[in-house]
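# next one to model:
(one chain, ligands or ions: 1)
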Amino acid sequence: MDPLVNEIVLLLRTRKTASGWTPTELAAALGISRARVHRGLDELRALGYELTAGRNESLRITRSPDRMIDTEILAGLKTRIMARQLHCYNRIGSTNARALELAEARAPEGTIVVAEEQTSGRGRLGRVWHSPPGLGIWASFILRPQLPLQKAAAVSLLAALAFAQTVEDDLGLKVDLKWPNDGLIAGRKVFGVLTEVSAEVDRVYYVICGTGINVAHRLEDFPPALRQTAGSLAHACGRPLDRLAFFRSFLTHFEAVYRRFRRDGLTPFLADYRDRSLLLGREVTIHYGQKSIQGQAVAIDDHGALILRTTTGDITVVAGEATLREQ
Ligand code: BTN
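The predicted structure is shown next:
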């Protein structure tokens, strides 16, 4: 958003009295012309803000848009790491791709790239992530944990756990986590993470943690191939949701788990992950490339890897796609 337009929103929101600001007062406070203020107000209306004029032309915001714009995401947000820098796009190829560019240009930890729509959203294992405008939260986080490469996968698990906690706290619904990091509600996938890492073996430079949250989709909004398996928060709740409020809450939960992870590692989270895990204790098949392996999922280790009990012994699985064998 234009910084000046942002300033106008902030002023309109901070007024202590009910009457609001007149364009003349806004112009004086910002040191700009009334004509520039009026152009800014037009921009706000075009973004979906509803401005109501009271006595003496004084303006109040009477409705804010449910759009992924910085002012709205940051309103009331108290995180210290997450959204330290925020890059919002109306339409972009992939937020992960943009975050990679920003990370290479030394964007700080906690930088987030968010888009209303992705035209080439990336899923795991080379898949496409369906990212239509207005229906979801498509966001990529730049994190710079001080870790060896083998522990970086833990960040995906943390994001999935933070998502599950947010859904439970805000919506009262249970999320099942399917290793490595899918979030399902009532058997439908609502959440996915694509984590991309730049590292040397001993040291991670940065992690791009790209999270896709299906928020407002009806089942018919998904492509036919996904209609049996994909879901959204609104579909699960049976009512419309405030996308921005959910995103702010997710940022708060993600920050809390990430801060603890930086201090104590993954171990304190494993019991919670186990409770929410769809796979642990079950017979599963793990597919990776052209190969697959079968066994019982028995544990998640301190690095976020899955321990699979097979006929020939326990195997540590670091990546792949899991399916349940008993159904
Ligand atoms: C999966 O396959 O489950 C992972 C999906 C990850 C999608 C998100 S949406 C925001 C970010 N940008 C991308 O291009 N992908 C991730």
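# got a list of what the residue lying farthest from the centre of the chain touches?
Centroid-distance maximum for the chain: N56 at 42.2 Å, with Cα atoms, centre = their mean. By Cβ atoms under 8 Å, 6 or more residues apart in numbering, N56 lies in contact with S19, T22. Backbone N, C-alpha and C define where each C-beta goes, glycine included.
# repeat that for I32.
L4.
# tell me the SS of it?
coil (DSSP: H, G, I helix; E, B strand; the rest coil).
# tell me which element N6 is part of?
helix 3-14 (DSSP states H and E).
# the residue of the stretch 151-300 of the chain found nearest the ligand is in what secondary structure piece?
Nearest to the ligand, among the residues of the stretch 151-300 of the chain, is G192, at 2.3 Å (Cβ to the nearest ligand atom). Following DSSP H and E, one finds G192 within strand 188-200.
# packing partners for that strand?
Packing partners of strand 188-200 (3 or more Cβ pairs under 8 Å, 6 or more residues apart in numbering; DSSP states H and E): helix 95-104, helix 154-171, strand 182-185, strand 203-214, helix 233-237.
# and the angle from the second one to strand 203-214?
Read that as helix 154-171. For helix 154-171 against strand 203-214, the angle by axes from the mean of the first three to the mean of the last three Cα atoms, to 10 degrees is 30 degrees.
# after helix 154-171 comes which helix or strand?
Following helix 154-171 toward the C-terminus (DSSP H and E): strand 176-178.
# can you give me the strands for the stretch 1-150 of the chain?
50-53, 59-63, 85-92, 111-118, 136-143 (DSSP state E, counting those that start in this stretch).
# tell me the most buried of those strands?
strand 136-143 (a mean of 27; mean count of other Cβ atoms under 10 Å).
# pull up the pairing partners for that one, direction included.
strand 111-118 (antiparallel), strand 203-214 (antiparallel) (DSSP bridges).
# redo the ones you listed as a markdown table? Include mean pLDDT.
Shown next, in a markdown table, are these (pLDDT from 0 to 100):
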| stretch | mean pLDDT |
| --- | --- |
| strand 111-118 | 98 |
| strand 203-214 | 97 |
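# pLDDT value on the nearest residue to R84 once chain neighbours are set aside, please?
What sits nearest to R84 in space, not counting adjacent residues and going by Cβ to Cβ, 6 or more residues apart in numbering, is G110, at 3.6 Å. What the model reports as pLDDT for G110 is 98.
# buried residues of the strand holding G192, list them for me.
Buried residues in strand 188-200, counted by 16 or more other Cβ atoms under 10 Å: R188, K189, V190, F191, G192, V193, L194, T195, E196, V197.
# right, and the fifth one touches R122 too?
I take that to be G192. No - using Cβ atoms under 8 Å, G192 is not in contact with R122, being 10.2 Å away.
# and the stretch 151-300 of the chain, which of its residues are near the ligand?
Within the stretch 151-300 of the chain, the positions near the ligand by Cβ under 6 Å from any ligand atom are D182, G192, V193, L194, G210, T211, G212.
# before we move on, back to that, what's the closest non-adjacent residue to the residue of the stretch 151-300 of the chain closest to the ligand?
G212 (4.8 Å).
# for V128, same thing?
G121 is the one closest to V128 (Cβ to Cβ, 6+ apart), at 6.5 Å.
# ok, now which ones touch L308?
Taking Cβ under 8 Å, 6+ apart as the test, what L308 contacts is V284, I286, I293, G295, Q296, A297, V298, D314, I315, T316, V317.
# wait, a strand at the third one?
So that's I293. Yes - the assignment for I293 by three-state DSSP puts it in a strand.
# next, format the buried residues of strand 188-200 as JSON lines and append pLDDT.
Shown next, in JSON lines, are these (pLDDT from 0 to 100):
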{"residue": "R188", "pLDDT": "98"}
{"residue": "K189", "pLDDT": "98"}
{"residue": "V190", "pLDDT": "98"}
{"residue": "F191", "pLDDT": "98"}
{"residue": "G192", "pLDDT": "97"}
{"residue": "V193", "pLDDT": "97"}
{"residue": "L194", "pLDDT": "96"}
{"residue": "T195", "pLDDT": "95"}
{"residue": "E196", "pLDDT": "95"}
{"residue": "V197", "pLDDT": "95"}
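# nearest to L279 among those residues?
K189 (14.1 Å; Cβ to Cβ).
# in contact with the closest one, which residues are there?
K178, D182, G183, N214, T229, A230, G231.
# then V197?
Counting by Cβ under 8 Å, 6+ apart, V197 makes contact with L149, A152, V204, Y206, V207, I208.
# and the strands paired with strand 136-143: which comes nearest S94?
strand 111-118 (5.6 Å).
# only C-alpha atoms, please: export that closest one in PDB.
C-alpha atoms of strand 111-118 as PDB (Å, rounded to 0.1, in the frame of the first residue of the first chain):
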ATOM      1  CA  THR A 111      10.100 -11.100   6.700                       C
ATOM      2  CA  ILE A 112       6.900 -12.300   5.200                       C
ATOM      3  CA  VAL A 113       5.700 -12.300   1.600                       C
ATOM      4  CA  VAL A 114       1.900 -12.500   1.200                       C
ATOM      5  CA  ALA A 115      -0.300 -12.500  -1.900                       C
ATOM      6  CA  GLU A 116      -4.000 -12.300  -2.600                       C
ATOM      7  CA  GLU A 117      -3.400 -14.700  -5.500                       C
ATOM      8  CA  GLN A 118      -0.600 -16.900  -6.800                       C
END
